[in-house]
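Trainee: heads up, no residue letters with this:
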């Protein structure tokens, strides 16, 4: 079973695309939505020491990542909202496999952040110790900041850091090459065809 949407007869930049694809415009819009909400949550932690909001936001992101990675991108509720925002635009299809890898990185990072935030929420004394520089909050804030940078790069610049990592790992042989080279926006993370 293929990951992503198979569109019979689809060609991307003149090359047949018989593999699962996703709409890059929708992905970028979803990353922008996640960036905006994530930034509000991070600033809420930093300025108001409101760890509860961050916990619920990260939990929502985590569930969305689980759905996208484990079941498929069509199950992403953030993607559904993003799809409404870009519904009048012409789709720009890219390979789904490298996006799944990128979302897996998001899933791992959000799992770690969720673990730390859950510990802080269950022990309110942690939040009174000073959010910005203390050990219980420092790790999740650094990871949240990293995720925000990744989301901003995806939404504003069209740079998928996880896709680039996927391409590098594939070229180095750490990840098995797919049968067909997936299309990337602008060809920046192209993977040579399996020979």
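Mentor: Arrived safely, thanks for sending. Please read these numbers as outputs of a predicted model, since none were measured by experiment. Numbering: from 1, shown residues only.
Trainee: For residue 180, which three-state class applies?
Mentor: coil (DSSP: H, G, I helix; E, B strand; the rest coil).
Trainee: hang on, isn't it packed against residue 18?
Mentor: Yes. Proximity of residue 180 to residue 18 meets the contact threshold set by Cβ atoms under 8 Å, at 6.1 Å. No exception for glycine: its C-beta is placed from N, CA and C like everyone else's.
Trainee: Am I right that residue 22 is in a helix?
Mentor: No. Assessed with three-state DSSP, residue 22 is strand; it does not lie in a helix.
Trainee: Distance check, it against residue 172.
Mentor: Using Cβ to Cβ, to the nearest Å, residue 22 is found at 24 Å from residue 172.
Trainee: For residue 38, list the residues it contacts.
Mentor: 57, 61, 144, 147-148, 151 (Cβ atoms under 8 Å, 6 or more residues apart in numbering).
Trainee: Neighbour-wise, give me the winner out of those residues.
Mentor: Neighbour counts for those, by other Cβ atoms under 10 Å, peak at residue 144, which reaches 26 neighbours.
Trainee: Tell me the confidence at that one?
Mentor: In this model, residue 144 is scored at 89, pLDDT.
Trainee: so who does it touch?
Mentor: Residue 144 neighbours (Cβ under 8 Å, 6+ apart): 38, 41-42, 45, 54, 58, 113.
Trainee: Can you tell me whether I have it right that it is in a helix?
Mentor: Yes. According to three-state DSSP, residue 144 belongs to a helix.
Trainee: Could I get the buried residue list for the longest helix that the chain contains?
Mentor: Of all the elements of type helix in the chain, the one with the most residues (DSSP state H) is helix 96-122. Within helix 96-122, the residues that count as buried by 16 or more other Cβ atoms under 10 Å are 96-107, 109-110, 113-114, 116-117, 120.
Trainee: That helix - contacts with which helices or strands?
Mentor: If you count contacts as 3 or more Cβ pairs under 8 Å, 6 or more residues apart in numbering; DSSP states H and E, helix 96-122 packs onto strand 21-23, helix 51-66, helix 135-152, helix 161-171.
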